[in-house]
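Peer 1: Output the structure for:
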Amino acid sequence: MDPRAVPRHLGSTNALLGGHIDLVADASGWAPLVYGGRLRLLVIWSDKRSKNWPKLPTLEGGRIAMVSNRRSPGRPKGMNPKVVKSCTTRSRRAAKSRLHLETLTRLDQEPFYLTPPDYRAFASGRSPSRSN
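Peer 2: Model prediction:
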């Protein structure tokens, strides 16, 4: 095998479907293609079993480091605390919505919601208290 990195913005899943590359290590946006029979999973890029594909092996104990790619909306320093509170309340409500949780389940992802102080701790490498 001749490993070749394909930048994500160039469409690694499309390159896989087109037969230009042999495998993809990517976030689970490919899940609908697996459900539809267009892609086959070989391993779950996680340290625990998948709820959707529990018989697949994981990378647990392997030589590949587990990477978690978490994102969060940002805000300017000094933003009005009332606006921050409103955004936090709405974000938490959206994170707990049925549609969001169903989408996460379909994509084999776990909910991950942190309050602004907890996310700040998480982003700086400290251990936040989980606010799910």
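
Peer 1: Just the pLDDT for R63.
Peer 2: Reported pLDDT at R63 in the predicted model: 57.

Peer 1: change the start of the numbering to 51 and stick with it
Peer 2: Okay, residue one is now 51; in that scheme the one you just asked about reads as R113.

Peer 1: Give the closest residue to S141 in space, chain neighbours not counted.
Peer 2: Leaving out its chain neighbours, the residue that sits closest to S141 by C-beta to C-beta, 6 or more residues apart in numbering is P123, at 7.1 Å. Glycine gets a C-beta too; all of them are placed from N, C-alpha and C.

Peer 1: Quick check: the one you found touching V134?
Peer 2: No - with contact defined as C-beta atoms under 8 Å, P123 does not reach V134; the gap is 10.9 Å.

Peer 1: So those two - more neighbours on which side?
Peer 2: V134 (12 against 9; other C-beta atoms under 10 Å).

Peer 1: Help me confirm that that one is found in a helix?
Peer 2: Yes - judged by DSSP: H, G, I helix; E, B strand; the rest coil, V134 forms part of a helix.

Peer 1: Which pLDDT value does the model give it?
Peer 2: pLDDT, V134: 89.

Peer 1: quick one: contacts for it?
Peer 2: By C-beta atoms under 8 Å, 6 or more residues apart in numbering, the contact list for V134 reads R125, P166.

Peer 1: Distance of F172 relative to P166?
Peer 2: Going from F172 to P166 by C-beta to C-beta, to the nearest Å gives 11 Å.

Peer 1: again with K101
Peer 2: In terms of C-beta to C-beta, K101 sits 29 Å off from P166.

Peer 1: ok, these two, which is more surrounded?
Peer 2: P166 (16 against 10).

Peer 1: now L164, what's its secondary structure?
Peer 2: coil.

Peer 1: mind giving me the domain ranges of the protein?
Peer 2: Following automatic domain parsing, one gets these domains for the chain: 51-119, 131-173.

Peer 1: among the ones you listed, which gets the worst mean confidence?
Peer 2: When the domains of the chain are compared on average pLDDT, domain 51-119 comes out lowest at a mean of 75.
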